[in-house]
Each structure stands twice: as structure tokens, then as C-alpha cells.
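Chemist: No letters, just coordinates:
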């Protein structure tokens, strides 16, 4: 790996790390902001999921901007909005202001993942993308570890509002580093008007191959991140009966497992392709194992909790391989928009699933601040049905992938 490739990889990984921390920070904040503002499960779900709504709403214009101006400029500029959102959220004393801050954070980090994948596609050969994309997800996924035990420890020393201030400062520093240290992209398509750029996005949305590739991945990724960033903690406390400290520790275990899965599946994909196993099939197999892991947890399989949640984390991130599949199917000048359109669908589903789980839980009364196991099992069962239906679509043979995009 050259020094330029290493610099691009590390800086965009840090950008995605910031995005991931913001994504799951309310998992640690939840008990505090719920107590301060008297939030219900629906309120908490809506407040947290506004990040995903802002993120999703910005995806199509973000993809256009990435393909028009490049990853460096767009990422550095939009991270400033995330910093402002963090400070607004931390200073707010009303739910409305907190919602505005959370929405602004989602918009601000909306390009981090798509920008990273676009930059990698420009600086690394296609054969290395499954591994490199997995490494970015792994390093960025440290954010999922941080919002577990480390955040719980920090919140024992200071307030959640001060954590927001610190995150805003960190975000500004990352934006400056990307602006100053990332080289200009090698190719530019500025000769195409912005209107022409949006036509490219429409072309992707009309592509049967795009929806075939995305089908199973967007649903499993939507479920995984909706749960990891908020409702996993509630499951561990309400259903598994764990104390907050032990629940936070398992959240960190899940985060580490997701990182390992991203790297491991990325490396294995390249090796198996050389032996004739397609990336599409391998990605699908990993997502099926994620569904199996959920079933084992739901039915209380007689296995150590650490093992079950490790499996949940390892297989929960396998849908990331779909980005590499998209990079092979769409031409280089459409990669930014293909990635961000894919991410758009995922984050719309995360928003819906996170809010939906809160709505289902609220159908049951709480006891001592906990929802009954039946409430959680009902929500998980509904999500499981959606995943099985999307799996059928993914695996049923289709001509879409054999056609030109």
C-alpha cells in the first residue's frame, strides 16, 4: 500500500468512525435524556432515528456532490454541519431543539461512508475493494465499541452535554485533517452539469440490477444498525435481565465482532472468488447466518450470551460486501451515486425500523422502567419476517444482474 493510499484509507476511516459514534451515541445517552425529559419509547425512537432520516434525506444530493466535487471537499464541508448539530443537541433543553440537532448531525455525516467507498474505488484496484471496504467498516465500527462500555465510563465522569461538546470539537478536527491531507481525486466529471448528475441517480434507481443487489442487504443492514444503535441495550436489560454495566459490555463485544466480521468477510470474499464462489452468493450466505443468529437469540439458545452476540455482530455486517458488488456493476463515474443511493435505502429502513420498534414496545406497559419480553419478541419477529421475504427476492434467479446497468 502506497503512502497516498494509506493516507486516504486512514482519514476516511476516521471520518466514518465519527459518523458511527454519532449513530449510536443515544444508546448511552438514553437513560439520561429519558430521565431529564420524560421520554417514552416512541419519543426516544423518534429522537434517535432522526439521525437516520437526516442521513437518508441527504444521500441523493450527497452522491451527486461526491461525483461532481470529489470526496475530499464534500466530506470536509459537510462535517461542519455535524459539529454544529452536536453542539445544538448538547445545549438543547427541549425535545424540539434536540431533534433539530440530531437531524443536523445526520445530514452532516451523510457523506462519510459513500465518500470513503468512492475514494477507495479511485485509489485501489477492484479486486481489493471487498477487503478495503471491510477495513473501513471495521475501523469506523470502533464507534460501535465506543458507545458501549467506554461511553458508560465517560458518562460516569462527566455529563452527556459535555460529551456532545467534545464530539463537536473532534468532528471539526477531522474535517480539517481531511481538507488538508487528502489529495485531490484523480478524475473529475465536472464537465457534466448537476442536472446531468441527477439523471445518473435516476438511472440507478431505475436499474433492476441495483434493486436485486440491494434487496436482502438493505433489510438486514437496516435491522442490524437500528438495533445496534438503540434497541439492543433495551433487549439486554429487559429480556436478558442484565445490569447496565454488563449490557454495555456486550454492546462493545457486538461492536468488536462487527469489526472482525467486516475484515474477515472482506478477506475471505477475495479468496473464495478465486475458487469460483461469487461475491453475490457469499454475501447472501453471510446474511442468512445473521438471520440464524437472531433466531438463536430470540429462542434463548443454550449458548453463552457472549457467543450469541458475537455471532450477531460478525454476521450483521456482511451486507457491506454489496458495496463492492455495486462497484463492479456500475461505471466509475456512477459509483458515488450508486453507493449513496444504496445507503439512502438502508438509512430510510433504519429510521423506519427504529421508530417501529419503539411503537411496538409502547403497546405494552412498562414495569420498573422495563418492557416485557413479549414486546421485544413481537418487534423482533416482525423484523425477521421482513428479512426472510427479502432473502427470497435476493436468491430467486433473475435476469437483472446479467443485463447491463
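Modeler: Nice, thanks for sending it over. Not measured: the values here are computed from a predicted model.
Chemist: quick one, what contacts residue 59?
Modeler: Residues counted as contacts of residue 59 (CB atoms under 8 Å, 6 or more residues apart in numbering) are 110, 114, 340, 341, 343, 344, 347. Quick note: C-beta positions are derived from backbone N, CA and C, even for glycine.
Chemist: hmm, 7 Å instead?
Modeler: Contacts for residue 59 (CB atoms under 7 Å, 6 or more residues apart in numbering) come out as 110, 340, 341, 343, 344, 347.
Chemist: Can you name the next helix or strand after the lowest-mean-pLDDT helix or strand in the chain?
Modeler: Sorting the helices and strands of the chain by mean pLDDT, DSSP states H and E puts helix 194-205 at the bottom, at a mean of 70. Sequence-wise, the next helix or strand downstream of helix 194-205 (DSSP states H and E) is helix 208-226.
Chemist: Just the closest of the contacts of residue 59 to residue 133, please.
Modeler: For the contacts of residue 59, the closest approach to residue 133 (CB to CB) belongs to residue 343, at 12.5 Å.
Chemist: thinking again about what came up before, including neighbour count, pLDDT and distance to residue 226, could the contacts of residue 59 go into JSON lines?
Modeler: As requested, the contacts of residue 59 are exported to JSON lines (neighbours: other CB atoms under 10 Å; pLDDT from 0 to 100; distance: CB to CB, whole Å):
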{"residue": "110", "neighbour count": "30", "pLDDT": "88", "distance to residue 226": "17"}
{"residue": "340", "neighbour count": "29", "pLDDT": "73", "distance to residue 226": "19"}
{"residue": "341", "neighbour count": "26", "pLDDT": "81", "distance to residue 226": "19"}
{"residue": "343", "neighbour count": "25", "pLDDT": "79", "distance to residue 226": "14"}
{"residue": "344", "neighbour count": "24", "pLDDT": "81", "distance to residue 226": "15"}
{"residue": "347", "neighbour count": "29", "pLDDT": "83", "distance to residue 226": "10"}
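Chemist: of the residues you listed, closest to residue 356?
Modeler: Of all the contacts of residue 59, residue 356 sits closest to residue 347, with 14.3 Å by CB to CB.
Chemist: who are the neighbours in contact with that closest one?
Modeler: Here residue 347 is in contact with 52, 55, 56, 59 (criterion: CB under 7 Å, 6+ apart).
Chemist: For the third one, which residues are in contact?
Modeler: With CB under 7 Å, 6+ apart as the criterion, the residues that contact residue 56 are 344, 347, 348, 351.
Chemist: Kindly recompute the last result at 6 Å.
Modeler: Applying CB atoms under 6 Å, 6 or more residues apart in numbering to residue 56 gives the contacts 344, 347, 348.
Chemist: gap between the residue lying closest to the last one once chain neighbours are set aside and residue 286?
Modeler: Read it as residue 348. Leaving aside its sequence neighbours, residue 348 sits nearest to residue 56 (CB to CB, 6 or more residues apart in numbering; 4.5 Å). Between residue 56 and residue 286 the distance is 24 Å, computed by CB to CB, to the nearest Å.
Chemist: Point to the residue nearest the middle of the chain.
Modeler: Residue closest to the mean C-alpha point of the chain, counted by CA atoms, centre = their mean, is residue 225 at 5.6 Å.
Chemist: Tell me the spacing between that one and residue 347.
Modeler: To residue 347, residue 225 is 8 Å away according to CB to CB.
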